[in-house]
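Undergrad: The sequence and its predicted three-dimensional model are supplied below.
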Amino acid sequence: RLKDSLPGLGSHYKYGVVTFDGQMDDSALLAQIFATCTAERPGFTPSIAMNYTRLEGFRFDEKGRIEKAVIREKTKGKLMEVKVKTVVNAAGSFGDQVRHMANPELQPVMRLSKGDHLVVDLEGILTPKRSDDYTESTITRGNTNVSESTTTSDGSLPSRDNLGSLPPASFRNKFQTSGTSGGRMGILIPRTRDGRVIFGLPWRGSTVLGTSDIEWSEPVVDPLPDASSAEQIISEVRRVCPEATLRVRAHWAGLRPLVMADPKGSTKDALRVHYLESDPKSGLISVLGGKWTIFRRMGEEAIDRVLIDLKKRGLLTPEEALSKSALTTRNARLSNDPRPIIADPTKPQPPFSRVEWLRGIGDLAGVKFPNSDPALVEYLISNYGLHALKILEDIQSHPEKGESLLPGTLFTPAEIEYLAKYQFATFPYDAITRRLRIAFTDSRLAEELLPSVVDVYGNLNGWNDEKRKEEFEFNREVLRRNQFDFSTPREMS
């Protein structure tokens, strides 16, 4: 069974252990949390959320306590001062920087670790090997294969026909599922030459390999991957699966915010624990470290700490503090969760089929949508839950918004507009990277899709041709800056 599940394993492996895990889309969950917080819901006061906003500093009262936050809206450069009762520092890898702004006497407690990830077609490990006409290329910065063909003679945006080297249609659709595709088995290598764990997991139709563990000094918004980390990961996979062929589609990196008890310890040995701190001088409450698995618990503890602080200062009565405690939010559901609708026993239950399930939910909610492609409905359910109805209703009213942005894919103008309106996708590359996640699964496909996404944003915002061309160039540069070039799949065998 081990050989059947992982056909590329070296012949010296005789036994394996099967474990079970779940998958989540961290980016989609984060966007939906903000969408839920800002929505009108019974019993909740809508929050105000701002994207592309930078904390510049604080203003303090005569006792040194924070009374105002100085923030800058980055897209227009507007500087604002916001009066506050309490500030919660949940800035991830920037946590120590915010603590230092509030109180320069606080000692750093964070250690940063950079992890690189490769997204590959992993033949001969999780799936049988095959042969085709892919060519080999090397990892380089930028995208020279495409750059020569992305400027048209009339200065207009390039069309899909003149974008240069395009990905084969055979693998486009598989990047659009949120679950696993083409196999549900992953692999974990618990012993590597430097003591780290290496994994290969099914992800959005391909396999994600990770991860490096590199000590990192200063936090950055978009840490860049590096070729040496990729080679290190691949060499470990090659040691376990010597016959495998790895075709790299994308390469990206992220920073882990770690709270270290031992400042001289190794980041790879650190536990992903969280730490809650209240600074008595500035009043800043910091929630540091942690991981997605316990994000609700971290939030509850932080809010409870806020309520204790406000009660001590006489800004809340004990009764008000109790009514606002985390106990009232523990069972709160995201706004795209269908259970509040189908939990009503007086209403008929929708059918089991996921497509018919959503149609049944639409009937119960009084929302009709067209007889859409079941694959499109399934894709939208997987990514947006109940909010798939918003997109399908838009397509019903404007059928042209249901047309595919690229042949052979399920991406539509209606979906892009939904991301811009409801999920804080300010720029086209926001939609392509941290909403659709295309740049993290296939960098070529991301650049191929960009002109169509820019057009959708242009129609939404009333951009003229010059503005569209400017936005295309800007967004393309951002995509290239944060990716290595895989305009031709890199074959490592």
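TA: Okay, I see it. Numbers count the residues shown, from 1 in each chain.
Undergrad: mind checking how far residue 308 is from residue 66?
TA: Residue 308 sits 17 Å away from residue 66, going by C-beta to C-beta, to the nearest Å. Placement of C-beta: from N, CA and C, glycine included.
Undergrad: brain fart, residue 440
TA: Using C-beta to C-beta, we find residue 440 at a distance of 36 Å from residue 66.
Undergrad: So for those two, which sits in the more crowded spot?
TA: More neighbours surround residue 440 than the other of residue 440 and residue 66, with 25 against 22 (other C-beta atoms under 10 Å).
Undergrad: how about the nearest residue to the more buried one, chain neighbours excluded?
TA: residue 252 (5.1 Å; C-beta to C-beta, 6 or more residues apart in numbering).
Undergrad: And residue 199, by the same measure?
TA: residue 188 (5.0 Å).
Undergrad: Can you verify my assumption that the one you found contacts residue 210?
TA: No - proximity of residue 188 to residue 210 does not meet the contact threshold set by C-beta atoms under 8 Å, at 10.8 Å.
Undergrad: more crowded one of the two?
TA: With neighbours defined as other C-beta under 10 Å, residue 188 and residue 210 compare such that residue 210 has more, 21 against 13.
Undergrad: show me the contacts for that one.
TA: The contact partners of residue 210, by C-beta atoms under 8 Å, 6 or more residues apart in numbering, come to 115, 116, 117, 118, 198, 199, 233.
Undergrad: Kindly report the same for residue 48.
TA: Taking C-beta under 8 Å, 6+ apart as the test, what residue 48 contacts is residue 38.
Undergrad: Secondary structure element holding it?
TA: When elements are assigned from DSSP states H and E, residue 48 belongs to no helix and no strand.
Undergrad: Report pLDDT for it.
TA: Residue 48 is assigned 92 on the pLDDT scale.
Undergrad: Could you report the distance from it to residue 273?
TA: Taken as C-beta to C-beta, the span from residue 48 to residue 273 is 31 Å.
Undergrad: What's the local residue count around residue 318?
TA: 9.
Undergrad: That one - nearest residue in space that isn't next to it in sequence?
TA: Using C-beta to C-beta, 6+ apart, the nearest residue to residue 318 is residue 311, at 6.3 Å.
Undergrad: what about that neighbour, neighbour count?
TA: The number of residues packed near residue 311 is 15, by other C-beta under 10 Å.
Undergrad: Residue 224 now?
TA: Using other C-beta under 10 Å: residue 224 sits among 15 other residues.
Undergrad: quick one: secondary structure of it?
TA: coil (DSSP: H, G, I helix; E, B strand; the rest coil).
Undergrad: Which phi and psi values does it adopt?
TA: Main-chain torsions, residue 224, degrees, to the nearest 10: phi -90, psi 140.
Undergrad: how near is it to residue 56?
TA: 25 Å.
Undergrad: One more: residue 279?
TA: 19 Å.
Undergrad: quick one, which of those two is more surrounded?
TA: Set side by side, residue 279 and residue 56 show more neighbours around residue 279, with 19 against 13, by other C-beta under 10 Å.
Undergrad: quick one, what contacts that one?
TA: Counted by C-beta under 8 Å, 6+ apart, residue 279 has contacts 99, 102, 103, 106, 285, 286.
Undergrad: What is the neighbour count of the second one?
TA: Read it as residue 102. When neighbours are counted by other C-beta under 10 Å, residue 102 registers 24.
Undergrad: Residue 63: neighbouring residues, count only.
TA: By other C-beta under 10 Å, neighbour count at residue 63 equals 9.
Undergrad: now, among the contacts of residue 279, which is nearest to residue 73?
TA: residue 102 (21.2 Å; C-beta to C-beta).
Undergrad: For stretch 46-62, C-alpha coordinates in CSV please.
TA: Extracted in CSV, the C-alpha atoms of stretch 46-62 (Å, rounded to 0.1, in the frame of the first residue of the first chain):
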residue,chain,number,x,y,z
PRO,A,46,-20.2,46.7,12.3
SER,A,47,-16.5,47.4,12.6
ILE,A,48,-14.6,49.7,10.3
ALA,A,49,-11.7,48.0,8.5
MET,A,50,-9.1,49.7,6.3
ASN,A,51,-6.8,48.1,3.9
TYR,A,52,-3.4,49.6,2.8
THR,A,53,-3.2,51.6,6.0
ARG,A,54,0.0,52.1,7.9
LEU,A,55,0.6,52.8,11.6
GLU,A,56,3.0,55.8,11.8
GLY,A,57,3.1,56.2,15.5
PHE,A,58,1.1,57.2,18.6
ARG,A,59,0.2,60.3,20.6
PHE,A,60,0.3,60.0,24.4
ASP,A,61,-1.3,61.7,27.4
GLU,A,62,0.7,63.3,30.2
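Undergrad: Counting neighbours, which bits of it end up buried?
TA: 55, 58, 60 (16 or more other C-beta atoms under 10 Å).
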